[in-house]
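# Kindly generate the corresponding structure for this input.
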Amino acid sequence: MDGQTFGRAGLASDKRGCKTPPEMATLTPSDARCNQPAEVKAVLGPTNTGKTHLAVERLCAHSSGAIGFPLRLLAREVYDRVCAIKGENRVALITGEERIEPKDARWLLCTAEAMPVTNSDLAFVAIDEAQLASDRERGHIFTDRLLHARGREETMILGSATLEPMVRSLVPEAEVVSRPRFSTLSHAGAKKLSRIPPRSAIVAFSTEQVYTIAEMLRRFRGGAAVVMGALSPQTRNAQVDLYESGEVDYLVATDAIGMGLNLDVRHVAFAGLSKFDGMRQRRLSPAEMAQIAGRAGRHQQDGSFGTLTGTARHDAQFTDEEVYAIEEHRFAPITKLFWREAEPRFASLADLIKDLEAPPGLPELEPATEAIDLAVLKRLAEEPDIASNVQSRPMVARFWEACSLPDFRQQGVETHARFISRLWQDLRHGQLGSDYVAQAIANLDIVSGDIDALQGRIAAIRSWAYIAQRPDWVLAKDEMAGRARAVEARLSDALHARLTERFINRRTTVLMKNLGPDAELLSFRLDGDKVLVEDEYVGKLVGFRFDVDPEARHADRKLLFAAAERHVPALLDQRANSLASAIDDGKAQLELRGGRVLWGGQPLGKLVHGHSLLVPRFGPDRLLATLSASAYSTLLGAVERWIGIALEPLKLLRVLEEASTNHEAGPELRALLIRLVEAGGMLKRSDSGIDQLDKDQRAKLTRLGVRVGALDLFVPQMLRPGPLDAWREAAKQGARTTGSKLTLAEMPPTLAAESRQPPAGYRRIAKQWIRLDMAEKLLREAHGLRGSDRRKAFVIDPARAISMGLTTASYTKLLQLANFRPIMPKKLGEGAHGPPAPLLWRWRPARRKPQPDNPRTQAAQSGAFAALAELVR
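Below is the predicted model:
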């Protein structure tokens with residue numbers, strides 16, 4: 001059989017790759033099984049020529065058909081498109097890990113490995129990216145499809161123009177159609193990462209470099225989508241959607257981007273021009289460069305390509321020859337295709353290995369490099385327990401199916417061989433137990449962990465998804481396949497979330513895209529105190545101050561402030577108008593504290609000197625200066641009206657203040673009123689100057705609502721928390737105020753003394769504080785008991801004082817301050833019996849004793865009253 005090689009099912013293969021039994025070698029092509037269909041067309045050209053779109057159109061134009069794609073991702077994408085045209089019940093998706101095969105399916109979308117080759121019932125068959133027949137790892141699959149996959153009515157071979165010599169030699173009956181690129185591709189030179197334009201893809205050739213570039217883009221441009229071959233199709237789709245939707249303007253990818261991903265990319269930047277191909281580190285061929293660079297410019301939109309500077313890669317520059325080849329789409333033709341026997345003999349393990357390693361008989365073909373399935377087969381065939389049990393033809397075929405399980409985890413021959421060996425322990429006897437498969441799938445259903453951990457689990461679950469799709473490997477096949485797909489979907493969602501969380505700063509992305517001429521189109525809004533830009537949190541309004549998100553990176557803060565400078569003033573005006581309306585409606589939670597007007601604990605301003613102490617002005621906080629004139633005026637008016645209401649309890653003091661300006665009152669009364677106003681309506685009688693007033697002035701003082709007590713002068717209505725709080729706040733802006741500025745929320749009759757200075761409205765008595773009106777009430781009762789005879793002693797019942805909470809010692813001290821003198825009762829005589837005599841009291845008016853021993857004190861007191869009176873005059 002010189003010049004021939006074993007082909008499918010033990011048939012001989014002629015130069016075209018057609019399978020013909022030796023006894024039929026003399027038959028005419030029309031009589032032989034390999035009789036070619038009426039039309040074979042090779043549509044060749046560079047990227048962006050519409051080859052795949054044409055194939056889909058031709059598929060839908062036939063009554064049945066199949067297309068084989070290099071990636072599950074592409075098969076799924078076209079499956080969705082054809083379903084929209086033909087209906088889901090008429091279209092099938094067939095891949096190693098997923099099979100959707102409706103009963104009436106007539107149009108099949110497959111991966112190249114899973115597509116049917118010998119099914120002559122299909123009217124149309126196409127193989128996409130056929131130039132991959134020159135790939136070391138998968139080339140023999142595409143070579144087999146190129147030679148043997150045929151449609152009953154039409155066959156289409158899609159690929160690069162470099163495949164043309166191989167097509168003309170191996171498939172001479174094919175009509176070669178060249179298609180020009182829809183757009184031009186030009187070299188843009190080298191650029192720094194910070195200079196890469198939006199809608200660009202940066203291509204790196206290692207996971208570490210992809211992560212590094214994505215991290216840098218997150219800092220500079222808000223982030224990037226990430227596409228790598230190790231991602232699951234679902235994760236890749238989710239990441240691509242981020243880019244296609246415009247949420248990010250950059251895509252960082254490995255060379256996986258070069259195969260079939262149709263994206264809105266305007267520029268492709270290479271972070272390097274060499275990669276490890278599984279055997280050695282080598283420079284990309286010009287055709288490989290063009291395959292990746294061709295992602296730039298889709299349809300009629302021109303694209304550009306270049307390199308990335310600052311990557312410390314010495315090979316990251318295109319040569320002039322490479323630039324010319326890429327721009328003009330001129331590449332060295334493919335001269336060899338990899339080949340391996342597609343249907344070897346299964347008589348024994350030795351025959352199987354021999355056929356898989358057999359050389360092709362054609363000069364255009366060369367033996368495929370040892371793929372991992374063959375490496376695993378040879379490795380396990382050396383184990384005695386396997387070699388002794390794999391003897392029959394069905395067992396050899398089944399063992400080869402097990403060895404053909406793809407190494408999704410990319411862990412090498414030894415690890416993959418151990419996994420296959422464990423599976424074979426069950427497969428040799430029949431099927432894998434559903435409990436074993438279910439437990440293996442459940443062990444991978446963990447969505448926690450970092451990016452690498454999730455990628456590892458997705459790779460592992462893809463192996464189990466492939467296993468569950470085999471027709472006779474698993475009990476409860478459909479259920480296990482569904483579980484595997486569900487776990488892969490959950491892991492893919494988690495991986496997409498991790499990638500987005502790590503490599504995308506949505507807030508920065510939004511701001512970077514819109515801080516230009518269209519910045520005014522940004523959606524800025526308030527959600528409570530949160531400031532949202534296009535629904536992304538950038539900071540919050542604290543009162544009328546904008547605070548940047550404290551978790552923002554230092555590099556982002558300047559960007560956020562720039563955004564705030566444009567849009568926050570409008571939000572502040574909105575807040576000011578809303579607050580003014582709430583104030584006027586009585587719904588705003590404003591408070592006076594320490595002389596400041598607070599809203600939600602944040603200052604709006606403070607009280608400053610106005611017309612008088614009791615009529616202060618509102619001094620707005622400097623933060624309100626950012627408001628527009630209209631909003632500023634509206635808010636100030638509302639706050640000033642609120643202050644007027646808050647200080648309304650001071651109207652009694654304002655009556656006294658107005659009376660102090662009346663010259664007819666006399667200087668002594670006017671001086672007393674001034675001091676009374678400054679003290680909040682409370683003065684000690686001994687310091688008040690009441691003795692300087694004549695009878696008429698005292699009457700006027702009483703008519704003004706001032707009560708002249710035994711120890712104090714006070715305005716009774718001021719001895720309440722509301723009026724005292726109002727006076728305290730007004731007093732904060734008055735330098736001439738006197739008396740205590742400590743006020744209480746509640747004012748009981750007595751309190752335990754906690755400091756030497758009592759709160760406003762109280763007098764210190766021994767170790768207690770007593771409210772001024774309560775002290776006056778007790779003293780009036782005592783005066784009511786003494787009668788007209790001053791010399792007569794009397795008894796005072798302490799019951800009322802005790803009911804107020806006053807101790808005996810404090811009550812005694814109070815009476816003594818009011819000139820009541822105790823008379824100690826006589827003790828009972830010796831031998832006398834009976835109750836002790838009660839304590840008696842006698843009142844004596846205070847005497848004005850001259851103090852010759854200290855004339856300065858007397859002069860100072862009289863001089864102080866005289867000076868104040870003169871000042872009032």
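
# Go ahead and confirm residue 764 touches residue 754.
No - checked against C-beta atoms under 8 Å, the pair residue 764 and residue 754 is beyond contact range at 10.6 Å. Every C-beta, even on glycine, is put in place using the N, C-alpha and C of the backbone.

# So if I had to pick from the two, which one is more boxed in?
Shown here are residue 764 and residue 754; by other C-beta atoms under 10 Å, residue 764 has more neighbours (15 against 9).

# buried stuff in the host helix or strand of that one?
Using DSSP states H and E, residue 764 falls within strand 762-765. Using 16 or more other C-beta atoms under 10 Å as the test for burial, strand 762-765 gives 762-763, 765.

# What pairs with that strand, parallel or antiparallel?
Paired neighbours of strand 762-765 in the sheet (DSSP bridges): strand 768-771 (antiparallel).

# For whichever helix or strand comes after the partner strand, which helices and strands make contact with it?
Sequence-wise, the next helix or strand downstream of strand 768-771 (DSSP H and E) is helix 772-785. With contacts taken as 3 or more C-beta pairs under 8 Å, 6 or more residues apart in numbering; DSSP states H and E, helix 772-785 sits against strand 712-714, strand 762-765, helix 799-803, helix 808-817, strand 840-843.

# Quick check: residue 365 vs residue 353, distance?
Note on residue 365: its distance to residue 353, by C-beta to C-beta, to the nearest Å, is 19 Å.

# swap that for residue 680, please
107 Å.

# Looking at these two, which has the bigger crowd around it?
Between residue 680 and residue 353, counted using other C-beta under 10 Å, residue 680 has the larger neighbour count: 28 against 16.

# Not counting residues beside it along the chain, what's closest to that one?
The spatially closest residue to residue 680, leaving aside those adjacent along the chain, is residue 727, at 4.4 Å (C-beta to C-beta, 6 or more residues apart in numbering).

# So for the strand or helix carrying the one you found, what gets flagged as buried?
Following DSSP H and E, one finds residue 727 within helix 721-731. For helix 721-731, the neighbour count (16+ other C-beta under 10 Å) marks 723-731 as buried.

# How about stretch 242-250?
Counting neighbours by 16+ other C-beta under 10 Å, one finds that the buried residues in stretch 242-250 are 242-243, 247-250.

# Stretch 168-183 now?
Under the neighbour-count criterion of 16+ other C-beta under 10 Å, stretch 168-183 has 170-171, 174, 176, 179, 181-183 buried.

# Tell me the gap between it and the middle of its chain.
Distance of stretch 168-183 from the chain centroid (C-alpha atoms, centre = their mean, to the nearest Å) equals 50 Å.

# and residue 655, how many neighbours?
Applying other C-beta under 10 Å, we find 16 residues neighbouring residue 655.

# Same question for residue 275.
Using other C-beta under 10 Å, the number of residues around residue 275 comes to 18.

# is it true that it touches residue 285?
No - at 10.8 Å, residue 275 does not count as touching residue 285 under the criterion of C-beta under 8 Å.

# ok, the buried residues of stretch 168-183 vs residue 289, which is closest?
Here the nearest of the buried residues of stretch 168-183 to residue 289, counting by C-beta to C-beta, is residue 181; it sits at 15.0 Å.

# pLDDT score for that closest one?
With respect to pLDDT, residue 181 scores 83.

# Now name the helix or strand holding it.
Residue 181 belongs to no helix or strand, assigned by DSSP H and E.

# That one is in contact with residue 50, isn't it?
No - using C-beta under 8 Å, residue 181 is not in contact with residue 50; the gap is 9.5 Å.

# coming back round to it: who are the packing partners of the helix holding residue 727?
Applying 3+ C-beta pairs under 8 Å, 6+ apart, we find helix 721-731 packed against strand 590-593.

# could I have the strand it packs on exported to CSV, CA atoms only?
The C-alpha coordinates for strand 590-593 follow below in CSV (Å, rounded to 0.1, in the frame of the first residue of the first chain):
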residue,chain,number,x,y,z
LEU,A,590,-32.8,72.0,63.6
GLU,A,591,-31.3,72.8,67.1
LEU,A,592,-29.5,75.6,68.8
ARG,A,593,-26.4,74.3,70.6
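
# Residues in contact with that strand: which ones?
Residues outside strand 590-593 that contact it (C-beta atoms under 8 Å, 6 or more residues apart in numbering): 583, 597-599, 604, 607, 639, 642-643, 646, 725-726, 729.

# roughly how far is the strand ranked longest in the chain from the heart of the chain?
Longest strand in the chain by number of residues (criterion: DSSP state E): strand 602-612. Remark: strand 602-612 is offset 42 Å from the chain centroid, using C-alpha atoms, centre = their mean.

# which regions of the stretch 151-300 of the chain sit below the pLDDT cut-off?
Across the stretch 151-300 of the chain, the ranges flagged by pLDDT under 70 are 260-261.

# Tell me where it has strands.
Ranges of strands within the stretch 151-300 of the chain are 154-159, 175-178, 185-191, 200-203, 225-227, 250-253, 267-270, 274-276, 281-283, based on DSSP state E, counting those that start in this stretch.

# Low-confidence bits of this structure, can you list those?
Across the chain, residues meeting the criterion (pLDDT under 70) sit at 1-38, 119-120, 260-261, 311-315, 505-524, 533-536, 551-565, 731-745, 847-873.

# rewinding a little: next, format the buried residues of helix 721-731 as JSON lines and append distance to residue 819.
Listed next are the buried residues of helix 721-731 as JSON lines, based on distance: C-beta to C-beta, whole Å:
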{"residue": "723", "distance to residue 819": "30"}
{"residue": "724", "distance to residue 819": "29"}
{"residue": "725", "distance to residue 819": "34"}
{"residue": "726", "distance to residue 819": "35"}
{"residue": "727", "distance to residue 819": "30"}
{"residue": "728", "distance to residue 819": "32"}
{"residue": "729", "distance to residue 819": "37"}
{"residue": "730", "distance to residue 819": "35"}
{"residue": "731", "distance to residue 819": "32"}
